[in-house]
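> Okay, predicted coordinates and the sequence, questions at the end:
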Amino acid sequence: MRHIKTGLFLLAAGFFLIGTGGTALGQRRAVEHRMEIQVTNQTINVGERLTIRIDGVQPNDMINLAPKEQTTAQVAAGIMVPAPGRVTTLGIGSTSPLPDGALSVTPSEVRITRATNWTGNLFFHVDVPMQTQVTLVINDQPLLNARLSAPVAFWREAFHPGFSIAPETFVRATLPNIDREERIRPEEEAYRVPPSKVQVLKRVLPSSDTARELLVAFRVNEQGQVFAAHVLTHDPQAAAYAENFKQWVFAPYVVDGKPVPFLTVMKVSF
């Protein structure tokens with residue numbers, strides 16, 4: 001399996017798809033969860049591609065893309081999907097335009113390819129309509145294939161909770177260094193921690209007649225006890241499974257010599 005670059009790569013509160021679906025023209029189809037993706041020139045090499053496939057996109061769904069350089073350059077694009085196989089660009093503006101070939105959009109797919117002259121970092125926002133499946137792929141390696149039940153982030157090969165915040169008010173002055181812990185909020189003594197940095201001492205897996213792979217957010221106290229667990233991928237048994245995940249035990253996570261409460265998101269297969 002190809003090693004994914006550890007460049008910052010955020011899939012969280014942001015991708016928004018808004019549209020009519022099978023309802024009368026002009027009505028907006030209900031959306032479920034916002035995701036956001038950030039791609040840096042370390043995430044993919046020159047010529048490599050990152051693909052977001054959204055199964056279940058219907059005629060007249062709206063895909064709003066808001067790529068943005070990490071500094072001052074901004075791009076805003078509204079792309080209408082009026083019928084399968086057709087894409088109409090409603091408007092694009094930027095102080096630093098996207099390189100040719102960097103962005104490709106079809107009715108069910110957004111593809112980002114790193115061009116030789118691409119040096120900036122891009123942000124994309126999409127809201128996922130109800131009853132759609134989202135697949136995230138770097139080259140031919142799938143990283144996510146699921147219906148979401150909550151916003152999801154992906155940094156440096158690790159999943160994290162997403163952020164529910166409207167893209168028009170989203171302000172990003174700095175980006176966290178997610179190869180280590182970061183505070184969830186400045187005023188809180190709680191940290192968001194990559195799963196590679198935590199140790200599970202006890203696992204209690206649910207029973208299931210079919211194989212499952214879920215994204216689970218664990219909130220853990222200073223003693224390593226789980227006080228809240230939330231299944232981020234859609235599953236009819238999510239609430240029942242969460243009761244099993246609350247019985248997990250982690251090794252205490254230590255910052256500056258003392259154990260702290262933390263939040264981590266893990267892929268769980270059973």
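That came in fine, so what should we check first? What you see is a predicted model; the values in this text were computed from it and never measured. Residues are numbered from 1 along each chain as shown.

> Report the rounded mean pLDDT for stretch 195-203.
On average, the pLDDT along stretch 195-203 is 91.

> Same question for stretch 138-154.
For stretch 138-154, mean pLDDT is 73.

> again, but for stretch 256-270
When pLDDT is averaged over stretch 256-270, the result is 88.

> buried sites along it?
With burial defined by 16 or more other CB atoms under 10 Å, the residues of stretch 256-270 counted as buried are V260, P261, F262, L263, T264, V265, M266, V268. In this view, the C-beta of every residue, glycine as well, is placed from N, C-alpha and C.

> how about the CA coordinates for the helix or strand hosting V226, as PDB?
Secondary structure assignment for V226, by DSSP states H and E: strand 226-231. Provided in PDB are the C-alpha atoms of strand 226-231 (Å, rounded to 0.1, in the frame of the first residue of the first chain):
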ATOM      1  CA  VAL A 226     -14.100   7.000  28.000                       C
ATOM      2  CA  PHE A 227     -17.000   9.300  29.100                       C
ATOM      3  CA  ALA A 228     -18.500   9.800  25.600                       C
ATOM      4  CA  ALA A 229     -18.300   7.900  22.300                       C
ATOM      5  CA  HIS A 230     -19.900   8.900  19.100                       C
ATOM      6  CA  VAL A 231     -20.000   6.900  15.800                       C
END
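
> Now do it: which elements does it pack against?
Applying 3 or more CB pairs under 8 Å, 6 or more residues apart in numbering; DSSP states H and E, we find strand 226-231 packed against strand 213-220, helix 238-245.

> With distance to N45, mean neighbour count and mean pLDDT added, can I get these in a markdown table?
Output for the helices and strands packed on strand 226-231, formatted as a markdown table (distance: least, CB to CB, whole Å; neighbours: other CB atoms under 10 Å; pLDDT from 0 to 100):
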| stretch | distance to N45 | mean neighbour count | mean pLDDT |
| --- | --- | --- | --- |
| strand 213-220 | 27 | 21 | 87 |
| helix 238-245 | 36 | 16 | 89 |
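
> would you list those in a markdown table and tack on distance to L50?
Output for the helices and strands packed on strand 226-231, formatted as a markdown table (distance: least, CB to CB, whole Å):
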| stretch | distance to L50 |
| --- | --- |
| strand 213-220 | 19 |
| helix 238-245 | 28 |
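
> What about V254, how many residues nearby?
For V254, the neighbour count with other CB atoms under 10 Å is 11.

> now for the buried residues of stretch 256-270, which pair is the farthest apart?
The largest separation in the buried residues of stretch 256-270, counting by CB to CB, is between V260 and V268 at 23.1 Å.

> Where does the prediction get shaky in this protein?
Along the chain, the parts satisfying pLDDT under 70 run over 1-43, 54-101, 103, 105-108, 117-132, 149-151, 153-188.

> can you list the domains in it?
Split into domains by automatic domain parsing, the chain comes to 9-169, 182-269.

> what about the residue lying closest to F270 once chain neighbours are set aside, how many residues close to it?
Spatial nearest neighbour of F270, excluding adjacent residues (CB to CB, 6 or more residues apart in numbering): L205 at 4.3 Å. When neighbours are defined as other CB under 10 Å, L205 has 14 of them.

> L205 in helix, strand or coil?
Assigned by DSSP: H, G, I helix; E, B strand; the rest coil, the conformation of L205 is coil.

> for it, phi and psi?
Main-chain torsions, L205, degrees, to the nearest 10: phi -90, psi 140.
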